[in-house]
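Colleague: dropping the sequence and predicted coords here.
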Amino acid sequence: LRYRIKSEKKARILEYADALNVSYTFPTNKADPGVIAFHLANYLLNSGFCNKEQFNQYHVAFLETLINAIEHGNLELPSAMKGNDFDKLMMFEELRENRLADAKFGERLLKINLVYNERCFSLTIADEGPGFDWKSYIRNSENGEINTKPYGRGFMLIHHIIDEIYFNEQGNAITLVKSRKNQQNLTSMALVS
């Protein structure tokens, strides 16, 4: 019981943080996007920046961003390869596993930086891949083109959750910025396990 109480006190310490700046660097073959996304969103929940519903949204946005950086950035897996049939998906997964095992791809670094204060947070994720043509993506989305392909919908989802999205010129780093809208909507702190 004593250890459980101590653990709860540790988790609640973030409630008193005025600001936080945390950075991680992972080799791609050691990065678990689900665990990382959960951990990052949990910082926001435990600090009181967001409620449980917002936590779930941020977790999804962070997960999509991390998967893009890993699969399409460092592992250089083409989105179109995913397809919507089982055989294509299996080929994609096999190539993914092979590239994770290949030092040329698997040891590329994934750099993550989360900064937040009481007004907003920013999350920057950078990979060591060749980047992508984000300007074309922006043009197409501004033209109102609807993506009916079985891939490439992650950015639409991220854009729906996050206020601002920035890319570096090369297209291998993305920054998500979210302002805290309404402090009255926050629920009491809940430790997510």
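Modeller: Looks like it came in fine.

Colleague: just checking, next helix/strand downstream of the helix or strand of the chain with the lowest mean pLDDT?
Modeller: Each helix and strand of the chain was given a mean pLDDT (mean pLDDT, DSSP states H and E); the minimum falls on helix 2-12 at a mean of 67. Downstream of helix 2-12, the first helix or strand assigned by DSSP states H and E is strand 19-27.

Colleague: quick check: the gap between L109 and V35.
Modeller: Noted for L109: a distance of 17 Å to V35, by Cβ to Cβ, to the nearest Å. Using the backbone N, CA and C atoms, a C-beta is placed for each residue, glycine as well.

Colleague: what do you get for C50?
Modeller: Taking Cβ to Cβ, one finds C50 at 19 Å from V35.

Colleague: okay, the two: which has more neighbours?
Modeller: C50 (24 against 11; other Cβ atoms under 10 Å).

Colleague: isn't there a strand covering that one?
Modeller: No. According to DSSP: H, G, I helix; E, B strand; the rest coil, C50 belongs to no strand; its state is coil.

Colleague: now it, nearest residue through space, not along the chain?
Modeller: Once flanking residues are discounted, C50 sits nearest to L44: 4.8 Å by Cβ to Cβ, 6 or more residues apart in numbering.

Colleague: now V177
Modeller: E164 (4.0 Å).

Colleague: so who does that neighbour touch?
Modeller: E164 sits next to 175-178 when contact means Cβ atoms under 8 Å, 6 or more residues apart in numbering.

Colleague: among those residues, name the buried ones.
Modeller: 175-176, 178 (16 or more other Cβ atoms under 10 Å).

Colleague: so which of the residues you listed belong to strands?
Modeller: Here DSSP state E is the test, and these give 175-176, 178 as lying in strands.

Colleague: can I get these in a markdown table including pLDDT and distance to S136?
Modeller: Below are these laid out as a markdown table (pLDDT from 0 to 100; distance: Cβ to Cβ, whole Å):
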| residue | pLDDT | distance to S136 |
| --- | --- | --- |
| T175 | 98 | 19 |
| L176 | 98 | 20 |
| K178 | 97 | 25 |
